[in-house]
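Let's see this in three dimensions:
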Amino acid sequence: EVDVAGSLAACAVTVNTNGVLLANGVVYGTVVVAGGTLGGTGAIVGSVDIQSGGILRDNVSINAATRVDNGGTLAPGTTNLGTITINNTLLLNSGSTSVMRISKTGDVLTSDLVTGLSSMTYGGTLTVVNTTSDMSVLALGDKFTLFTGAAYAGAFSRLTLPALSAGLSWNLDGLTVDGS
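Sure, this is the predicted structure:
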């Protein structure tokens, strides 16, 4: 595990299987996650490629194009809900997995979020996990924003969604309009 608390100037950083790069400061350069994990609360100033077995998590900020390849996983946050900021494009390839958590406490709706996107291309599997810890039940009209950006394209090929009460169904039409 490498924890960058200050800054790391590099042309390219590769995180291999079982490796962890915590960007809690600033990492300058391209980051390739080849079977390891990229996370933290700092910034990446360079492109990010999450390859097979790689995970992008926590609350990191990325200031360049980001791609999640076949076998790669996008999962904001860790034990708590999280926000990943990508001030550029995000491409989710057809074999990638996005794991997003939602929660409802009383009337307050919260979720993991990927934000700042200039464009978002959906692909692969979207798994939504309901982490509501009290007795709040998802209801008609509840809306969770998972992605925010200027433009949306593509579609998830597989969806794994939480069960809803009888008579309710998921409406995913908003994913290509406003990321909800």
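
So Leu172 sits against Tyr152, correct?
No - taking Cβ atoms under 8 Å as the definition, Leu172 is not a contact partner of Tyr152, at 11.7 Å. Backbone N, C-alpha and C define where each C-beta goes, glycine included.

more crowded one of these two?
Legend: neighbour count by other Cβ atoms under 10 Å for Leu172 and Tyr152, higher for Tyr152 (19 against 14).

Tell me which residues touch that one, please.
When the contact criterion is Cβ atoms under 8 Å, 6 or more residues apart in numbering, the partners of Tyr152 are 119-122, 175-177, 179.

What of Ala23?
Under the criterion of Cβ under 8 Å, 6+ apart, the contact list for Ala23 reads 4, 38-44, 60.

Among those residues, find the lowest-pLDDT one for me.
Lowest model confidence among the contacts of Ala23 falls on Val4, which carries 66.

pLDDT weak spots in this protein?
1-11 (pLDDT under 70).

Tell me the gap between the one helix or strand Leu56 maps to and the middle of its chain.
For Leu56, the element it lies in under DSSP states H and E is strand 55-58. On the basis of Cα atoms, centre = their mean, to the nearest Å, strand 55-58 is displaced by 7 Å from the centre of the chain it belongs to.

next structured bit after that strand?
Toward the C-terminal end, the helix or strand that comes next after strand 55-58 (DSSP H and E) is strand 61-62.

Show me the contact partners of that following strand.
Outside of strand 61-62, the residues that reach it under the criterion Cβ under 8 Å, 6+ apart are 42-44, 48, 84-88, 116.

Separate out the buried members of those.
Buried residues within the contacts of strand 61-62, counting neighbours by 16 or more other Cβ atoms under 10 Å: 42-44, 48, 84-86, 88, 116.

what's the farthest-apart pair in these?
By the measure Cβ to Cβ, Gly42 and Asn88 form the most distant pair in these, at 16.5 Å.

who touches Gly77 in this structure?
By Cβ under 8 Å, 6+ apart, the contact list for Gly77 reads 57-59, 83, 101, 112.

nearest to Gly29, of the buried ones among the contacts of strand 61-62?
Lowest distance from Gly29 to those (Cβ to Cβ) belongs to Ile44, with 8.4 Å.

dump the residue contacts of the closest one.
23, 26-27, 31, 38, 60-64.

Quickly note the distance from the residue nearest to Thr17 when sequence neighbours are not counted to Thr73.
On the basis of Cβ to Cβ, 6 or more residues apart in numbering, the spatially nearest residue to Thr17 that is not a chain neighbour turns out to be Gly35, at 3.4 Å. Taking Cβ to Cβ, to the nearest Å as the measure, Gly35 and Thr73 are separated by 11 Å.

Show me the common contact partners of the two, please.
Counting by Cβ under 8 Å, 6+ apart, the contacts common to Gly35 and Thr73 are Gly54.
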